[in-house]
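Chemist: Next input, structure requested:
(one chain, ligands or ions: 2)
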Amino acid sequence: MKIAIIGVGYVGLVSGACFAELGADVYCVDVDERKIAQLREGVMPIYEARLQPMVKRNVEASRLHFETDLSLVLPLVEIVFIAVGTPPDQDGSADLSHVLEVARTIGKSMDSYKLIVCKSTVPVGTSRKVKAAIREELDKRGFGDVEFDVASNPEFLKEGNAVEDFMKPDRVVVGVESDRAKELLTYLYKPMQLNNFRVLFMDIPSAEMTKYAANAMLATRISFMNDIANLCEYVGADVNMVRRGIGSDSRIGSKFLYPGCGYGGSCFPKDVKALIQTARDNGYEMRVLNAVEDVNARQKKLLFEKFDRYYNHDVKGRKVAIWGLSFKPGTDDMREATSLVLIQQLLEAGCEVSVYDPIAMDEAKRRIGDKVRYANDLYDAVIDADALFHVTEWKEFRMPSWEVVKRSMNNPLLIDGRNVYDLPDSFGFTYMGIGI
Ligand SMILES: NC(=O)C1=CN([C@@H]2O[C@H](COP(=O)(O)OP(=O)(O)OC[C@H]3O[C@@H](n4cnc5c(N)ncnc54)[C@H](O)[C@@H]3O)[C@@H](O)[C@H]2O)C=CC1
Ligand SMILES: O=C(O)[C@H]1O[C@H](OP(=O)(O)OP(=O)(O)OC[C@H]2O[C@@H](n3ccc(=O)[nH]c3=O)[C@H](O)[C@@H]2O)[C@H](O)[C@@H](O)[C@@H]1O
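Modeler: Ligands and ions are numbered 1, 2, ... in the order given. Sure thing, here's the model as predicted:
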């Protein structure tokens with residue numbers, strides 16, 4: 001089967017490589033010429049485990065191609081996935097300009113049947129707009145009788161585990177409005193799930209909504225646990241115990257219950273905002289999600305508050321170290337990362353900041369510039385520090401030599417934004433977690 005994937009970001013590149021791995025002929029298209037040139041040379045635009053060898057293998061097998069001109073690819077394929085970004089607009093709603101731009105480009109050069117599948121996260125009604133944009137361009141060219149279908153196939157992969165998530169999904173959600181689209185997508189997804197076909201077919205608006213509802217539910221669990229964690233601190237309970245206590249109830253489950261210094265990334269923050277805005281556009285207020293956002297915004301500021309309180313608001317000129325910059329381990333993505341909020345607070349308060357991340361240092365330099373010191377490793381970061389902030393729970397931070405860390409620091413204050421450490425008192429650190 002020949003397919004095109006438009007937009008070669010986290011979702012497009014992973015989807016393209018995985019479909020190629022399963023034997024499909026995949027044409028990945030992006031307007032970013034530099035990115036495409038690099039990919040042709042085997043250089044990955046993102047850090048994602050298992051992705052590079054998979055891309056290399058499939059490029060060598062001529063199953064995975066990287067292109068910049070959609071009009072040249074279109075005649076070769078039957079299915080076109082749209083996987084471009086849908087960043088937040090000023091009011092929080094999803095900016096659909098890239099999606100609709102792709103739709104118009106398709107309409108401008110399509111001359112035989114295609115199935116257009118929206119994989120980007122888009123609000124209910126977007127597939128209808130995609131269809132209208134394609135139809136308009138076809139009509140302008142006098143190709144009004146060319147048939148096509150649209151479908152919605154939101155993606156649920158997580159960064160840092162993207163290949164695994166894509167290849168072994170809990171379920172694949174597909175919104176269709178024709179049997180032909182259903183057959184094509186069944187054919188495409190069947191090889192991924194030979195013995196356990198978990199494609200949930202539904203109508204298109206429900207598929208579009210499912211994506212937002214899933215992210216909003218996960219974000220709600222996190223903010224709920226962060227609220228509980230903060231209360232635990234007031235009343236002297238340990239949120240780690242509480243988490244285990246409630247997570248072992250099978251109705252609740254143990255996943256996505258980890259309190260911390262707030263959720264980041266390109267999706268939870270933007271999708272929660274977009275869903276709130278969709279509701280407003282329809283005259284409805286999402287009260288729970290407003291609170292989810294509030295709690296998260298506050299949570300991102302908590303680490304600085306703990307530090308500031310510890311030093312009785314006398315933090316100007318203090319040296320601090322930050323371990324972890326990406327919004328989660330396993331990725332170099334810093335979109336909406338808590339580290340950015342913390343760094344801004346620290347710099348505004350006049351602190352000297354040293355940072356270290358195993359993978360996201362280049363991305364941090366691009367975003368923050370020379371306002372902080374970029375340490376060579378985790379030990380270099382803590383030299384003379386008055387506090388160490390643990391912000392992203394990379395594995396290499398799990399079991400450092402605490403002796404070396406303590407010896408290097410000016411004051412062994414450890415502020416753990418991910419509740420990873422349980423150090424014996426004899427190690428001599430002042431420890432602060434979230435809700436413990
Ligand atoms: N990042 C993630 O983990 C997940 C993202 N999503 C959703 O998938 C969509 C894509 O997200 P990411 O992959 O993170 O985005 P991204 O920002 O990493 O990549 C988007 C790509 O689209 C390209 N692009 C923009 N306009 C284009 C056009 N007219 N023609 C061709 N290419 C164009 C950009 O150059 C860029 O390379 C979003 O809607 C996002 O919400 C869904 C699940 C997971
Ligand atoms: O739509 C998307 O883009 C994706 O968004 C999330 O995936 P992702 O943002 O890549 O990463 P997560 O593992 O969900 O983590 C998001 C944030 O929540 C935080 N988190 C996660 C879990 C938890 O228990 N506690 C917690 O604070 C993480 O530290 C991170 O900052 C969803 O998990 C994916 O299913 C979805 O496809």
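Chemist: Could you use CA atoms for every contact and neighbour count after this?
Modeler: Fine.
Chemist: residue ranges of the strands in the chain, please?
Modeler: 2-6, 25-29, 64-67, 79-82, 114-118, 148-152, 172-175, 199-202, 319-323, 352-356, 373-374, 387-390, 413-416, 430-432 (DSSP state E).
Chemist: Including mean neighbour count, could those strands go into CSV?
Modeler: CSV is the format used below for these (neighbours: other Cα atoms under 10 Å):
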stretch, mean neighbour count
strand 2-6, 24
strand 25-29, 26
strand 64-67, 24
strand 79-82, 25
strand 114-118, 24
strand 148-152, 24
strand 172-175, 24
strand 199-202, 16
strand 319-323, 26
strand 352-356, 23
strand 373-374, 18
strand 387-390, 24
strand 413-416, 22
strand 430-432, 16
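Chemist: Please name the bridge partners of the spatially closest residue to residue 186 that is not a sequence neighbour.
Modeler: Distance criterion Cα to Cα, 6 or more residues apart in numbering; nearest residue to residue 186, sequence neighbours excluded, is residue 199 at 7.7 Å. Beta bridges link residue 199 to residue 172, judged by DSSP bridges.
Chemist: pLDDT wise, what is the closest residue to ligand 1 within the stretch 301-436 of the chain at?
Modeler: The nearest approach of the stretch 301-436 of the chain to ligand 1 comes at residue 333, 8.8 Å away (Cα to the nearest ligand atom). Looking at residue 333, its pLDDT is 95.
Chemist: who's in contact with it?
Modeler: 46, 265, 326-327, 360, 363 (Cα atoms under 8 Å, 6 or more residues apart in numbering).
Chemist: Could you pull up phi and psi at it?
Modeler: When read as degrees, to the nearest 10, the backbone of residue 333 gives phi -70, psi 130.
Chemist: pLDDT weak spots in the protein?
Modeler: Along the chain, the model assigns pLDDT under 70 to no residue.
Chemist: Which positions in stretch 268-287 come out as buried?
Modeler: 268-278 (16 or more other Cα atoms under 10 Å).
Chemist: rewinding a little: who wins for neighbours among the contacts of residue 333?
Modeler: With neighbours taken as other Cα atoms under 10 Å, the top of the contacts of residue 333 is residue 326, carrying 30 neighbours.
Chemist: for the spatially closest residue to that one that is not a sequence neighbour, what are its contacts?
Modeler: Nearest residue to residue 326, sequence neighbours excluded (Cα to Cα, 6+ apart): residue 334, at 4.6 Å. Contacts for residue 334 (Cα under 8 Å, 6+ apart) come out as 265, 325-327, 340, 360, 363-364.
Chemist: how about a cut-off of 10 Å?
Modeler: 264-266, 325-328, 340, 360, 363-364, 367 (Cα atoms under 10 Å, 6 or more residues apart in numbering).
Chemist: so which of these are also by ligand 1?
Modeler: residue 266 (Cα under 6 Å from any ligand atom).
Chemist: ok, the contacts of residue 334 vs residue 317, which is closest?
Modeler: residue 340 (19.1 Å; Cα to Cα).
Chemist: Confirm for me that that closest one is in contact with residue 300.
Modeler: Yes. If you go by Cα atoms under 10 Å, residue 340 and residue 300 touch, sitting 9.3 Å apart.
Chemist: So for those two, which residue has more residues nearby?
Modeler: Neighbour totals were compared for residue 340 and residue 300, and residue 300 leads with 23 against 19 (other Cα under 10 Å).
Chemist: returning to what we had before: quick check, nearest of the contacts of residue 334 to residue 381?
Modeler: Closest approach to residue 381 among the contacts of residue 334 (Cα to Cα): residue 325, at 12.6 Å.
Chemist: Just give the nearest non-adjacent residue to that closest one, would you?
Modeler: residue 339 (5.3 Å).
Chemist: Please tell me how far the one you found sits from residue 159.
Modeler: 17 Å (Cα to Cα, to the nearest Å).
Chemist: if you count what's nearby, which of these two comes out ahead?
Modeler: Set side by side, residue 339 and residue 159 show more neighbours around residue 339, with 27 against 23, by other Cα under 10 Å.
Chemist: Tell me which residues touch that one, please.
Modeler: Neighbouring residues of residue 339 by Cα under 10 Å, 6+ apart: 261, 264, 300-301, 303, 322-327, 345, 355, 364, 389-392.
Chemist: Save the strands of the chain as TSV, and put in distance to residue 94 too.
Modeler: Formatted as TSV, the strands of the chain follow (distance: least, Cα to Cα, whole Å):
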stretch	distance to residue 94
strand 2-6	18
strand 25-29	22
strand 64-67	26
strand 79-82	15
strand 114-118	14
strand 148-152	16
strand 172-175	19
strand 199-202	22
strand 319-323	32
strand 352-356	32
strand 373-374	34
strand 387-390	32
strand 413-416	33
strand 430-432	37
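Chemist: Put together JSON lines for these, with distance to ligand 2 on each row.
Modeler: Shown next, in JSON lines, are those (distance: least, Cα to the nearest ligand atom, whole Å):
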{"stretch": "strand 2-6", "distance to ligand 2": "17"}
{"stretch": "strand 25-29", "distance to ligand 2": "19"}
{"stretch": "strand 64-67", "distance to ligand 2": "23"}
{"stretch": "strand 79-82", "distance to ligand 2": "15"}
{"stretch": "strand 114-118", "distance to ligand 2": "14"}
{"stretch": "strand 148-152", "distance to ligand 2": "14"}
{"stretch": "strand 172-175", "distance to ligand 2": "11"}
{"stretch": "strand 199-202", "distance to ligand 2": "16"}
{"stretch": "strand 319-323", "distance to ligand 2": "14"}
{"stretch": "strand 352-356", "distance to ligand 2": "17"}
{"stretch": "strand 373-374", "distance to ligand 2": "22"}
{"stretch": "strand 387-390", "distance to ligand 2": "12"}
{"stretch": "strand 413-416", "distance to ligand 2": "13"}
{"stretch": "strand 430-432", "distance to ligand 2": "17"}
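Chemist: Just give me the neighbour total for residue 179.
Modeler: Under the neighbour criterion other Cα under 10 Å, residue 179 is assigned a count of 10.
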